[in-house]
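Q: Quick check, what structure comes out for this input:
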Amino acid sequence: MAVSLSGDSEDCDVFVVGAGLAGLAAAIGFARAGFSVASCGATDRLGEGRTVTLLGRSIDFLEGLDVWREIEPLAAPLRSLRIIDDTGALFPPRPVEFHADEIGLDAFGWNIENAALADALAKAAAAPPNLRRIESKVASFDFAPEGARVRLADGRRFSARLVVGADGRGSPARKAAGIDVRTHLYPQSALTVFLAHTRPHEDYSTEFHTRQGPFTLVPLPATPSARLRSSLVWVMSHAEAARRAALDDEALAGEIEAQARSLLGAMRIEGARGVFPMVRQIVTRLVATRLALVGDAAHAFPPIGAQGLNLGLRDVKGLIEAAREAAAEGDDIGGAAALERFSRSRGLDIATRTGAVDGLNRSLLAHFGPLDAARGLGLAALGAIGPLRRLVMREGVAPTLGR
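A: This next block holds a predicted model:
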């Protein structure tokens, strides 16, 4: 059903606020599910050395949207994971490795530059006839029981049965609905950058656990100018992040190679780098009248374990499923029952992932012997106990809690 005009307001089933990765995926998904959709906001390409690793359920979802075949050639497979304790603990555990073929997978996931993924999703969003893309910003929201009304900065007005808030950590939609957030500021920032290097990564993602946070190298696909490439997310103190951000490319590459223990050989910086403060933020509720929050508008946490966008895409999938069920039963897709179904389906997954990332990050910062010992024993158990290791791998790739 295409977007239609009704008086001075344009009507649609679903109005998606935000055109980042989760927002574009939501717009495409709702359109493919047969709903009329308006997608509002400028496409956010999120450059500055940032990538996302798409895991199993995210890839399944993107395949269902018929966009994965366009994305896969732009991504690099992650077939093995390596965790190295570099905290200086008294009894550090041995490095632990995980291999996708141990649980019958070709790869745990695929790593892609954020800008490339944004471009692929923006291209896909231009295709459905029942999906309208709008670059203008939202000026105001009115979330009423009978329907949501949205006024744009250019004066246009929309009416919708459901508003999807995919408008980021500062979410204007969330604020307009009066949904509160709980925020924790970590004493850390993340430095992100693309690297060319002289030794092959062999499809390994390598994560060093340091006293300031994780240092994670993830494979990237080759380019004409560099055959061997990886992305880096390096979590460190604010002061160290500021110091390293000011280094020239050669000096920064030297510090990265030293922290990586020269596993990938000599490094060369590619393009711009980014520095982002680390924050944990979670909403007190996922829904309000005619509104559902997804992605960073609902939850944000440090870039550890490739959880951020994958969690957001599960939000999107859960919301689409709730709307489909409501429509099949003749109910209101933006009504209280459908929104409550979505909220119940997502609570456990969000709480579990947020808690796991927060717990690991805090344990690295703690400098507390018993906590170091517990973390070391946990890694040793994963390395030594096959069934436990395989269980953790399956849960990481395809969560069963709150899926």
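
Q: how about low-confidence regions in the stretch 251-400 of the chain?
A: 305-306, 363, 365-386, 388-389, 391-393, 396-400 (pLDDT under 70).

Q: what about the strands in it?
A: Applying DSSP state E, counting those that start in this stretch to the stretch 251-400 of the chain gives strands spanning 267-283, 287-288, 291-293, 299-300.

Q: Over to the stretch 101-250 of the chain?
A: Ranges of strands in the stretch 101-250 of the chain, per DSSP E, counting those that start in this stretch, are 109-113, 131-134, 138-144, 147-152, 157-165, 181-197, 204-210, 213-220, 229-237.

Q: Please produce CSV containing those, extended by distance to residue 94 and mean pLDDT.
A: Where you see a C-beta, it was placed from the backbone N, CA and C, and this is true even at glycine. Shown next, in CSV, are the strands of the stretch 101-250 of the chain (distance: least, CB to CB, whole Å; pLDDT from 0 to 100):
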stretch, distance to residue 94, mean pLDDT
strand 109-113, 24, 95
strand 131-134, 51, 96
strand 138-144, 52, 96
strand 147-152, 55, 96
strand 157-165, 45, 97
strand 181-197, 24, 95
strand 204-210, 13, 93
strand 213-220, 18, 95
strand 229-237, 23, 96
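
Q: Show me the one of those that comes nearest residue 12.
A: Comparing the strands of the stretch 101-250 of the chain against residue 12 with CB to CB, the closest turns out to be strand 157-165 (5.2 Å).

Q: Return the alpha-carbon coordinates of that closest one using PDB.
A: Extracted C-alpha coordinates of strand 157-165, given in PDB (Å, rounded to 0.1, in the frame of the first residue of the first chain):
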ATOM      1  CA  ARG A 157       2.800  16.700   8.000                       C
ATOM      2  CA  PHE A 158       2.400  12.900   8.300                       C
ATOM      3  CA  SER A 159       0.000  10.700  10.100                       C
ATOM      4  CA  ALA A 160       1.000   7.100  11.000                       C
ATOM      5  CA  ARG A 161      -0.300   4.200  13.000                       C
ATOM      6  CA  LEU A 162       3.200   3.400  14.200                       C
ATOM      7  CA  VAL A 163       6.300   5.500  14.600                       C
ATOM      8  CA  VAL A 164       9.700   3.700  14.800                       C
ATOM      9  CA  GLY A 165      12.300   5.700  16.700                       C
END
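
Q: Please identify the deepest-packed of the strands of the stretch 251-400 of the chain.
A: strand 291-293 (a mean of 28; mean count of other CB atoms under 10 Å).

Q: Which elements pack onto that strand?
A: The contact analysis (3 or more CB pairs under 8 Å, 6 or more residues apart in numbering; DSSP states H and E) places strand 291-293 against strand 157-165, helix 172-176, helix 336-365.

Q: Out of these, which is the most enclosed?
A: Per stretch, and counting mean count of other CB under 10 Å, the top mean among those goes to strand 157-165, which has a mean of 25.

Q: what angle separates that one from strand 147-152?
A: Orientation check (axes from the mean of the first three to the mean of the last three CA atoms, to 10 degrees): strand 157-165 against strand 147-152 gives 100 degrees.

Q: What residues does the residue nearest the centre of the chain make contact with?
A: Taking CA atoms, centre = their mean, the centroid of the chain lies closest to residue 309, which sits 1.6 Å from it. Taking CB atoms under 8 Å, 6 or more residues apart in numbering, we find residue 309 in contact with 21, 22, 52, 54, 58, 295.

Q: Residue 156 now?
A: Applying CB under 8 Å, 6+ apart to residue 156 gives the contacts 10, 134, 136.

Q: Go through the residues you listed and name the one nearest residue 17.
A: Nearest to residue 17 out of the contacts of residue 156 is residue 134 (CB to CB; 10.2 Å).

Q: Hmm, that closest one is touching residue 42, no?
A: No - here residue 134 does not reach residue 42: they are 9.7 Å apart, not a contact under CB atoms under 8 Å.

Q: Mind checking which of those two has more residues around it?
A: More crowded of residue 134 and residue 42, by other CB atoms under 10 Å: residue 134, with 20 against 13.

Q: Next one: that one from residue 99, what distance?
A: Distance, residue 134 to residue 99, by CB to CB, to the nearest Å: 45 Å.

Q: again, but for residue 351
A: Distance from residue 351 to residue 99, counting by CB to CB: 29 Å.

Q: before we move on, the earlier item: of all the helices and strands packed on strand 291-293, which one is nearest residue 284?
A: Judging the helices and strands packed on strand 291-293 by CB to CB, what sits closest to residue 284 is helix 172-176, at 10.2 Å.

Q: Helices of the stretch 1-150 of the chain, residue ranges please.
A: Per DSSP state H, counting those that start in this stretch, the stretch 1-150 of the chain carries helices over the ranges 21-32, 56-64, 68-71, 114-125.

Q: May I ask you to confirm that residue 203 is in contact with residue 219?
A: Yes - the pair residue 203 and residue 219 passes the contact test of CB under 8 Å, sitting 5.8 Å apart.

Q: Looking at the two, which is more packed in?
A: More crowded of residue 203 and residue 219, by other CB under 10 Å: residue 219, with 28 against 16.

Q: wait, doesn't the more buried one sit right on residue 232?
A: No - assessed by CB under 8 Å, residue 219 is found out of contact with residue 232, at 11.4 Å.

Q: shared neighbours, residue 203 and residue 219?
A: 76, 77, 78.

Q: Nearest to residue 147 among those residues?
A: Nearest to residue 147 among those: residue 78, at 43.6 Å, using CB to CB.

Q: Look up how far residue 321 lies from that closest one.
A: With distances taken as CB to CB, residue 78 is found 27 Å from residue 321.

Q: In terms of neighbours, single out the busier of the two.
A: With neighbours defined as other CB under 10 Å, residue 78 and residue 321 compare such that residue 78 has more, 22 against 15.

Q: partner residues bridging the more buried one?
A: Residue 78 forms beta bridges with residue 109, as assigned by DSSP bridges.
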